[in-house]
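Chemist: A predicted structure for the sequence below; I have some questions about it.
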Amino acid sequence: MTLRKTILSGMRPTGKLHLGNFVGALENWVALQQEYNNYHLIADYHVLTTDLDASHITRDSIDMVIDWLAAGIDPKKSPMFRQSQVKQHTELHLILSMLITTARLERNPAVKEQVRDLNIEHMSYGHLGYPVLQAADILLYRADLVPVGEDQVPHVEISREIARRFNNQYETVFPEPEPKLTRFARLPGLDGIDRKMSKSAGNTIFLSDTPEDIQKKLRTAVTDPQKIRRNDPGRPEVCLVYVYHQRFNGAEAEEIGAGCRAGSLGCVECKKRIADRIAATLTPFRETRAYYDAHSWEIIDVLTDGEQRARTRAEETMTHVRTAMHMG
Ligand code: TRP
């Protein structure tokens, strides 16, 4: 038997996912499940760092799991679980929090960015320390790899430092996890080629959108500002609709690009065609969502089973940790 490497992937429960989440993360997770041992974490405690209203977290977690299942993640292969339901996360988090300085956390570029973007004046202790909670998420499963986008690399680096520190101070318990970068990580949103698709920017296509929603949203998509009339030659390289063609309409992208450049293809037609392709890509998402809307108890079963299996692995790690520290 070959020893499979372990992957821990995590996402904040933001509710229904969008096309950018699919391209940037989910699609990758699905591909990885054949080759690795995967754990899929719902980072529900992480939500509290920026929003103390916890009343929507359970619903948002369930909505997110439905999209995970629709994307093709197999819960039999890869447990899906909420961080809050596996108590070992809080135990390991406390121990790890002693192994990193506050100065190191204050230097973290991702936290600095959040302070700027969200205009945070007084940061909570838990918010500053959330990379330590993330380190606990990763190390608790003794993960070798963590699939992330560029923005999360500093956090994985912090996890590596903490793992090293623990191993040096006590005994080697943790592998040093490595980031596994996604190739096509950034999908631009409907408002222009430079902005990432994100829920907060309101420029998304949801995985649950109907074909009509998708047609309507694409009509508003920003294209090459120099192509005003149908027959004006356009520049696909600055057009976000063309990025979508490349990504979701590989077979026709070249012809579309040539038509745009020549001025023989107008934006209205071009947008209609990509909306059809995206709607077709998302058919399984709508079908799966319809199924689970009528069988919602099955999601609870998926989580109950996933949380049970996550706890088993987590408790195994904590036994090593307590032994290494002579606190067992
Ligand atoms: N911090 C991640 C984000 O904001 C979510 C997350 C929490 C995570 N724990 C994780 C990602 C563990 C990877 C591994 O997107």
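Modeler: Happy to help now that I have it.
Chemist: Tell me how far the host helix or strand of Thr288 lies from the chain's centre.
Modeler: Under the criterion DSSP states H and E, the helix or strand holding Thr288 is helix 283-294. Here helix 283-294 shows a centroid-to-chain-centroid distance of 20 Å under the convention C-alpha atoms, centre = their mean, to the nearest Å.
Chemist: Give me the helices and strands touching it, please.
Modeler: helix 57-71 (3 or more C-beta pairs under 8 Å, 6 or more residues apart in numbering; DSSP states H and E). Placement of C-beta: from N, CA and C, glycine included.
Chemist: Can you give me the buried ones in the helix it packs on?
Modeler: Buried residues in helix 57-71, counted by 16 or more other C-beta atoms under 10 Å: 57, 60-71.
Chemist: Equivalent analysis for stretch 190-199, please.
Modeler: Residues of stretch 190-199 classed as buried by neighbour count (16+ other C-beta under 10 Å): 190, 193, 197, 199.
Chemist: I'd say Leu218 and Arg277 touch.
Modeler: No. Assessed by C-beta atoms under 8 Å, Leu218 is found out of contact with Arg277, at 10.4 Å.
Chemist: Tell me which of those two has more neighbours.
Modeler: Neighbour totals were compared for Leu218 and Arg277, and Leu218 leads with 23 against 19 (other C-beta atoms under 10 Å).
Chemist: and that one, what element?
Modeler: helix 211-219.
Chemist: Just the angle for that helix relative to helix 283-294, thanks.
Modeler: 130 degrees (axes from the mean of the first three to the mean of the last three C-alpha atoms, to 10 degrees).
Chemist: Next secondary structure after helix 211-219?
Modeler: Next along the chain after helix 211-219, taking DSSP H and E as the criterion, comes helix 240-248.
Chemist: What is that next one packed up against?
Modeler: For helix 240-248, the packing partners by 3+ C-beta pairs under 8 Å, 6+ apart come out as helix 250-262, helix 267-281.
Chemist: Give the buried residues for it.
Modeler: Residues of helix 240-248 classed as buried: 240-245, 247-248 (neighbour count, 16+ other C-beta under 10 Å).
Chemist: Next: stretch 41-57.
Modeler: 41-49, 57.
Chemist: before we move on, what about stretch 153-168?
Modeler: 154-163, 166.
Chemist: Which of these fall in helices?
Modeler: With helices defined by DSSP state H, the entries of the buried residues of stretch 153-168 inside them are 154-163, 166.
Chemist: so where's the stretch 51-200 of the chain uncertain?
Modeler: 183-185 (pLDDT under 70).
Chemist: can you list the residues of the chain near the ligand?
Modeler: Residues of the chain found near the ligand (C-beta under 6 Å from any ligand atom) are 8-12, 41, 43, 46, 134, 137-138, 146, 148, 152.
Chemist: What is the neighbour count of the residue in the chain that the ligand sits nearest to?
Modeler: Closest contact between the chain and the ligand, by C-beta to the nearest ligand atom, is at Gly10 (2.8 Å). Counted with other C-beta under 10 Å, residues neighbouring Gly10 total 21.
Chemist: in what helix or strand does it lie?
Modeler: strand 6-11.
Chemist: averaged over its residues, what pLDDT does that strand have?
Modeler: Strand 6-11 carries an average pLDDT of 97.
Chemist: who's in contact with the residue nearest to Glu298 when sequence neighbours are not counted?
Modeler: The shortest distance from Glu298 to any non-neighbouring residue, by C-beta to C-beta, 6 or more residues apart in numbering, is to Tyr292 (6.6 Å). Residues in contact with Tyr292 (C-beta atoms under 8 Å, 6 or more residues apart in numbering) are 66, 69, 298-299.
Chemist: same check, this time on His89
Modeler: Residues in contact with His89 (C-beta under 8 Å, 6+ apart) are 45, 83, 133, 136-137, 140, 314.
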